[in-house]
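Sequence plus predicted model, see below.
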Protein chains: 2
Amino acid sequence: MKASVVMIEPNGHFCDDCAVRGAAVCSSLDTAELREFEHLGRRVHFGSGETVFSEEDITTSFYNVLEGVMRLYKLLPDGRRQIVGFALPGDFLGMNLSGRHNFSADAIGAVTVCQFAKAPFSRFIEDRPQLLRRINELAIRELSQARDHMVLLGRRSADEKVATFLLGWRERLVTLKALSDTVPLPMSRQDIADYLGLTIETVSRTFTKLERQGVIEIIHGGISLLDPARVEAMAAA
Amino acid sequence: MKASVVMIEPNGHFCDDCAVRGAAVCSSLDTAELREFEHLGRRVHFGSGETVFSEEDITTSFYNVLEGVMRLYKLLPDGRRQIVGFALPGDFLGMNLSGRHNFSADAIGAVTVCQFAKAPFSRFIEDRPQLLRRINELAIRELSQARDHMVLLGRRSADEKVATFLLGWRERLVTLKALSDTVPLPMSRQDIADYLGLTIETVSRTFTKLERQGVIEIIHGGISLLDPARVEAMAAA
DNA sequence: ACCCAAATTTGATCTGAGTCAATCGGCTGT
DNA sequence: ACAGCCGATTGACTCAGATCAAATTTGGGT
């Protein structure tokens, strides 16, 4: 949460070596378009805990996550927090109708984003329906995830929430690295609690319980799935 | 939940007298396009409790709600249900990436939809980016609603959930009829419970409590907000 | 008007997760 | 190496909302 030290790199042909070129919103552009597109965006780095944008801020930019993990959350007036999602490389942020962000986003660890000023980006989309189609696809995918998360928040027990989270997080990481029983958890216990609609104590106790049952092992910076089948059974119902 | 008796009207120029023409997905089309568009859709009626489509069904159609209210929900294997939203006239259903619906939808009371076969509709969108843009807008609006609902499910108390629901539902009806302190509730208590992540008993008790406090009055088929400010105060935090 | 089934309300009791309160452990900086 | 801090864990206790169990009301069909 320290003061922001935003580093902006000089614009170059950085799309060429962009890790998310094939997966992100850019995957809908051909080589010529990409060349034009890269002049619209600039890479920006954020340090751990820095806020990229806040709820109710006027939207001035769109963001394409390149590296790192972000927490996306909403706060109630009394400080209660609900994390509505975690953003990973390839995720596209900033779409809205009101002209204001409807959630806040901050970096969990170091984050690099490709930032686009709103107006030029919107103009660029204007006559490129395939880019719009790609953005629409991403929105629809998020909607589907959001609905799954509503089921979790409204109808699942603490044990089921934690088990579902571990499997879902592992699955999301597949696009970044191969499926592994070692699941890194860059976010804090508090983040996990606020994502699952639980308290930090309940998350901690559930982790400990799973470890005592020999289902997971709590390791530095994550967990290891010792018995993925059992975790799946817990998550299912 | 009785057997479906689907009535299909002969195709005519029914867009002309369509109640949602200005609000729905069609609002992005000019008169000439609308003329072409109406041949793609057919009005279909559903009776109370009938299922329009089910989760995991292969998507064969898109739906534009014309009249009535639908519940959109997901079920866990053991029967627990989470209602992920209510659809009202003007809402557009059926978008997905997997080729399957990711929730079920059934009619609450009589419902009329404008049904479009998937392939011709997709072809029609192909070279009409303004229609795609409109669909994208609707998806983004839904995403925003979904995030608000996550906050409600994960971080609000039963009283806050009910108060927030009453105000939110009243607000959604504004586009159909003017804002009124008399709020019709066509859905059952069980539906409300499954929407709010509560049990039917808790919903019923909360309604009764609000009525005893003189904040609402429970009337036939809905409630009346006697003291909207107090309800807003309960919902806020 | 009457009957039956379903929906809702109300009451009594239980319990899963929250709250409050210590520790514990692992980095960071000196 | 050690102090201090922050995040995580653990324990004891509480409570909001669930569960179980009756009434009671509503509504549709005859």
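Yes, it's here.

Contact residues of chain A facing DNA strand C?
Residues of chain A lying close to DNA strand C by Cβ under 7 Å from any atom of the strand are A:Ser157, A:Ala158, A:Asp159, A:Gly197, A:Leu198, A:Thr199, A:Glu201, A:Thr202, A:His220. Quick note: C-beta positions are derived from backbone N, CA and C, even for glycine.

hmm, the helix ranked longest in chain A touching chain B?
Secondary structure assigned by DSSP state H gives helix A:129-155 as the longest helix of chain A. Yes - using Cβ under 8 Å from any Cβ of the partner chain, helix A:129-155 reaches chain B at A:129, A:132-133, A:135-137, A:139-144, A:146-151, A:153-155.

Around DNA strand D, which positions in chain A sit nearby?
Applying Cβ under 7 Å from any atom of the strand, we find that chain A lies next to DNA strand D at A:Ser188, A:Arg189, A:Gln190, A:Ile200, A:Glu201, A:Val203, A:Ser204, A:Arg205, A:Phe207, A:Thr208, A:Ile218.

Can you flag the buried ones in those residues?
Using 16 or more other Cβ atoms under 10 Å in any protein chain shown as the burial test, the residues of chain A next to DNA strand D include A:Arg189, A:Val203, A:Phe207 as buried.

and these as TSV, adding secondary structure?
Output for these, formatted as TSV (DSSP: H, G, I helix; E, B strand; the rest coil):
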residue	secondary structure
A:Arg189	helix
A:Val203	helix
A:Phe207	helix
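
ok, of those residues, which one's closest to B:Phe46?
Using Cβ to Cβ, A:Val203 comes nearest to B:Phe46 of these, at 42.6 Å.

Tell me which residues of the longest helix of chain A come out buried.
So, applying 16+ other Cβ under 10 Å, buried residues of helix A:129-155: A:129, A:131-140, A:142-155.

Quick one: work out the angle between it and helix B:129-155.
20 degrees (axes from the mean of the first three to the mean of the last three Cα atoms, to 10 degrees).

quick one: helix A:129-155 to chain centroid distance?
Centroid displacement of helix A:129-155 relative to its chain, using Cα atoms, centre = their mean, to the nearest Å, is 12 Å.

So which other helices or strands are in contact with it?
On a contact count with 3 or more Cβ pairs under 8 Å, 6 or more residues apart in numbering or on different chains; DSSP states H and E, helix A:129-155 meets strand A:81-87, helix A:118-126, helix A:158-172, strand B:61-75, strand B:81-87, helix B:129-155.

Let me have these in JSON lines, extended by mean pLDDT.
As requested, the helices and strands packed on helix A:129-155 are arranged in JSON lines below (pLDDT from 0 to 100):
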{"stretch": "strand A:81-87", "mean pLDDT": "98"}
{"stretch": "helix A:118-126", "mean pLDDT": "95"}
{"stretch": "helix A:158-172", "mean pLDDT": "98"}
{"stretch": "strand B:61-75", "mean pLDDT": "97"}
{"stretch": "strand B:81-87", "mean pLDDT": "98"}
{"stretch": "helix B:129-155", "mean pLDDT": "97"}
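
Could you measure from the residue nearest the centre of chain A over to DNA strand C?
For chain A, the residue nearest the mean C-alpha position is A:Ala87 (1.0 Å; Cα atoms, centre = their mean). Computed as Cβ to the nearest atom of the strand, to the nearest Å, the A:Ala87 to DNA strand C distance reads 24 Å.

contacting residues for A:Tyr195?
Applying Cβ atoms under 8 Å, 6 or more residues apart in numbering or on different chains, we find A:Tyr195 in contact with A:Arg71, A:Gln82, A:Ile83, A:Gly85, A:Phe86, A:Phe165, A:Met187.

Try it again at 10 Å.
Neighbouring residues of A:Tyr195 by Cβ atoms under 10 Å, 6 or more residues apart in numbering or on different chains: A:71-73, A:81-86, A:149, A:152-153, A:161, A:165, A:169, A:187, A:203, B:150, B:154.

Can you tell me which of the buried ones among the residues of chain A next to DNA strand D lies closest to A:Phe37?
Ranked by distance to A:Phe37 (Cβ to Cβ), those are led by A:Arg189 at 39.2 Å.

show me the contacts for the closest one.
With Cβ under 10 Å, 6+ apart, A:Arg189 has these contacts: A:Leu198, A:Thr199, A:Ile200, A:Glu201, A:Thr202, A:Val203, A:Ser204, A:Phe207.

Out of those, flag the one nearest to B:Ser48.
Of all the contacts of A:Arg189, A:Leu198 has the smallest distance to B:Ser48: 37.5 Å, by Cβ to Cβ.

wait, isn't A:Lys118 in contact with A:Ser61?
Yes - contact status for A:Lys118 versus A:Ser61: in contact at 5.9 Å, counting by Cβ atoms under 10 Å.

more crowded one of these two?
A:Ser61 (19 against 14; other Cβ atoms under 10 Å in any protein chain shown).

burial count for the residue nearest to the more buried one when sequence neighbours are not counted?
In space, and not counting its chain neighbours, A:Ser61 is closest to A:Gln115: 5.0 Å by Cβ to Cβ, 6 or more residues apart in numbering or on different chains. Using other Cβ under 10 Å, A:Gln115 has 21 other residues around it.

what about A:Gln115, which helix or strand?
A:Gln115 belongs to strand A:104-117 when assigned by DSSP states H and E.

Strand A:61-75 and that strand, what's the angle between them?
Strand A:104-117 and strand A:61-75 meet at an angle of 170 degrees, taking the same axes, to 10 degrees as the criterion.

Identify each buried residue in strand A:104-117, please.
A:Ser104, A:Ala105, A:Asp106, A:Ala107, A:Ile108, A:Val111, A:Thr112, A:Val113, A:Cys114, A:Gln115, A:Phe116.
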